[in-house]
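Colleague: predicted model and sequence follow; I will ask about them next.
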Amino acid sequence: MSVEYFTRILKPMLEGAEMTVLLFIIAIAISVPLGFLLTLAVKSSYRPVAWLAHTYIYVMRGTPLLLQLLVICFGLPMIPGVGEYLVLDRFTAACLGFILNYAAYFAEIFRGGLLAIDKGQYEASQVLGLNKWQTMTRIILPQMFRVVLPTVSNEAITLIKDTALLYAVAVPELLHFAQTAVNRDFTIVPFFIAGAIYLLMTLLLTVFFKGLERRFKFE
């Protein structure tokens with residue numbers, strides 16, 4: 001493989017990687033707080049809200065992300081009567097699919113984190129005269145964050161790899177440009193380059209989260 005060929009195929013693949021990173025940032029920025037809201041809904045004393053949250057999480061975690069993307073991209077516009085109002089451009093539809101799916105996973109992660117907090121922490125907060133808001137923000141959430149951080153890290157790495165599913169809904173991301181180059185040039189070199197780019201992105205994420213873990217004294 002010549003340097004010229006490498007340079008020629010690297011540019012569009014890096015453009016595809018920009019789309020991958022953009023989707024990751026949007027999905028992680030919205031699905032994390034949405035997941036926490038779902039966790040609060042699951043713990044709600046109002047049963048219809050808790051039931052709806054449980055059902056949503058079960059459905060989103062129990063069906064493939066690819067199927068959800070296909071439904072949002074191609075299925076919603078086919079709904080009689082309202083389909084014409086549900087037509088989204090592919091990237092927006094993909095973002096919506098990733099957000100809805102990963103919010104369900106983060107909800108379960110946060111629920112597990114809350115369950116890991118000893119009940120004595122709540123009792124001690126009451127003794128100190130803290131209200132529910134102060135107890136949650138000053139006592140519970142910091143401890144929960146420390147508990148769930150390693151799992152959130154793993155889920156974030158999974159998310160960056162799952163962005164390859166954009167290829168299935170015709171969004172021009174990293175894998176799309178790699179496949180185009182393979183079909184055009186009859187060589188698997190672009191796949192190795194794509195793999196190297198994915199590895200670099202996951203490495204950067206790993207280093208970032210390891211830094212957070214050290215900051216919160218996991219190591």
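Modeller: Yes, it's here.

Colleague: got phi/psi on residue 44?
Modeller: When quoted as degrees, to the nearest 10, the phi and psi of residue 44 stand at phi -60, psi 140.

Colleague: which residues does it contact?
Modeller: Contact analysis of residue 44 by Cβ atoms under 8 Å, 6 or more residues apart in numbering lists 50, 53. Glycine gets a C-beta too; all of them are placed from N, C-alpha and C.

Colleague: now do residue 171
Modeller: 19, 90, 91, 94.

Colleague: what's the longest helix in the protein?
Modeller: The longest helix of the chain (DSSP state H) is helix 3-42.

Colleague: any idea which helix or strand in the protein has the lowest mean pLDDT?
Modeller: Every helix and strand of the chain was ranked by mean pLDDT, DSSP states H and E. The lowest is helix 119-127, at a mean of 72.

Colleague: what about it, distance to the chain center?
Modeller: 33 Å (Cα atoms, centre = their mean, to the nearest Å).

Colleague: how about residues contacting that helix?
Modeller: 134, 135, 139, 140, 143.

Colleague: got a list of what residue 174 touches?
Modeller: Contacts of residue 174 (Cβ under 8 Å, 6+ apart): 13, 16, 17, 19, 20, 163, 164, 194, 197, 198.

Colleague: quick revisit: same list (the contacts of residue 171) but as a markdown table, adding secondary structure, pLDDT and distance to residue 3.
Modeller: Shown next, in a markdown table, are those (DSSP: H, G, I helix; E, B strand; the rest coil; pLDDT from 0 to 100; distance: Cβ to Cβ, whole Å):
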| residue | secondary structure | pLDDT | distance to residue 3 |
| --- | --- | --- | --- |
| 19 | helix | 89 | 25 |
| 90 | helix | 87 | 34 |
| 91 | helix | 90 | 32 |
| 94 | helix | 92 | 34 |
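
Colleague: just the residues you listed now: which is nearest residue 172?
Modeller: residue 19 (6.5 Å; Cβ to Cβ).

Colleague: distance of the closest one from residue 147?
Modeller: As judged by Cβ to Cβ, to the nearest Å, residue 19 and residue 147 stand 33 Å apart.
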